[in-house]
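A.B. asks: have a look at this prediction, sequence included:
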Amino acid sequence: MIEYHIIMALNGALTILGIAYVTLIFNKLKGYVSEKKYVVFAPLLAGILISIGFLCIMRPTSAVERNIITILLLAGPGIMIYSFSTLGVLVPTKRFVVQFLLILSSLSLASRFSDTTAQIIYIGVLLALLVLVHSLLMLRILSPFLRYSLLLSSWLFVAYSWLRYFINKGSLGGTSFLIVLLYSSAVILWVYSAMGIYDYLRRWL
């Protein structure tokens with residue numbers, strides 16, 4: 001159990017870093033994507049809410065704390081979707097719709113667990129991450145390598161949404177470790193791509 005929480009905490013830290021880079025990217029592009037400059041910082045606010053909720057849900061909480069975490073994790077994706085829609089980078093491509101529905105439909109396995117609410121919240125986090133990846137895929141400045149990295153990241157999130165139900169958190173070995181590694185790889189590819197995009201923009205804009 002300790003190994004699982006350590007790895008997921010590191011993934012949470014990487015997620016915060018990725019959200020920061022996405023915010024920096026659209027801050028660089030704000031003059032090109034929207035006249036409403038305030039919406040550029042909305043993904044950062046949403047990311048902070050999601051990160052706080054995601055990290056807090058990994059420890060035992062009271063009913064009141066659980067309700068607060070639920071609000072954070074539901075408000076975060078909502079703010080994120082609104083901001084990217086305003087920026088005009090949340091175009092519902094066929095691939096995005098399919099991936100969104102696949103992650104959402106993974107809730108069909110949530111009934112295997114007593115804490116269904118936590119599973120629903122987790123899906124909300126994965127959908128928010130998919131939105132973040134998709135927002136970068138909409139940029140026309142992507143090199144073929146970065147585009148491939150983001151595409152692979154998005155599909156890894158989809159695969160993880162279904163396989164995560166089979167993780168044995170008490171003994172993180174074998175299959176369970178590979179499933180967690182799947183999620184870590186998706187996060188690392190997304191963060192790496194965001195850093196590469198920002199570095200390109202920093203040099204040319």
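C.D. replies: Structure's in. What do you need?
A.B. asks: quick one, helices of the chain?
C.D. replies: 2-28, 30-33, 42-56, 63-87, 94-105, 116-137, 144-163, 175-204 (DSSP state H).
A.B. asks: make JSON lines out of these and add mean neighbour count, mean pLDDT and distance to residue 169.
C.D. replies: Backbone N, C-alpha and C define where each C-beta goes, glycine included. Output for the helices of the chain, formatted as JSON lines (neighbours: other CB atoms under 10 Å; pLDDT from 0 to 100; distance: least, CB to CB, whole Å):
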{"stretch": "helix 2-28", "mean neighbour count": "18", "mean pLDDT": "82", "distance to residue 169": "5"}
{"stretch": "helix 30-33", "mean neighbour count": "14", "mean pLDDT": "61", "distance to residue 169": "40"}
{"stretch": "helix 42-56", "mean neighbour count": "21", "mean pLDDT": "68", "distance to residue 169": "15"}
{"stretch": "helix 63-87", "mean neighbour count": "17", "mean pLDDT": "71", "distance to residue 169": "18"}
{"stretch": "helix 94-105", "mean neighbour count": "14", "mean pLDDT": "94", "distance to residue 169": "21"}
{"stretch": "helix 116-137", "mean neighbour count": "21", "mean pLDDT": "83", "distance to residue 169": "12"}
{"stretch": "helix 144-163", "mean neighbour count": "18", "mean pLDDT": "96", "distance to residue 169": "14"}
{"stretch": "helix 175-204", "mean neighbour count": "18", "mean pLDDT": "93", "distance to residue 169": "8"}
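A.B. asks: can you tell me how far the residue sitting nearest the centre point of the chain is from residue 173?
C.D. replies: For the chain, residue 129 is the residue whose C-alpha lies nearest the centre (CA atoms, centre = their mean; 1.8 Å). Noted for residue 129: a distance of 25 Å to residue 173, by CB to CB, to the nearest Å.
A.B. asks: got it, and residue 120?
C.D. replies: 28 Å.
A.B. asks: and the pLDDT for the closest residue in space to residue 175 that isn't next to it in sequence?
C.D. replies: Leaving aside its chain neighbours, residue 175 sits nearest to residue 166 (6.9 Å; criterion: CB to CB, 6 or more residues apart in numbering). Note on residue 166: pLDDT of 85.
A.B. asks: likewise residue 115?
C.D. replies: Per-residue confidence at residue 115 stands at 67 (pLDDT).
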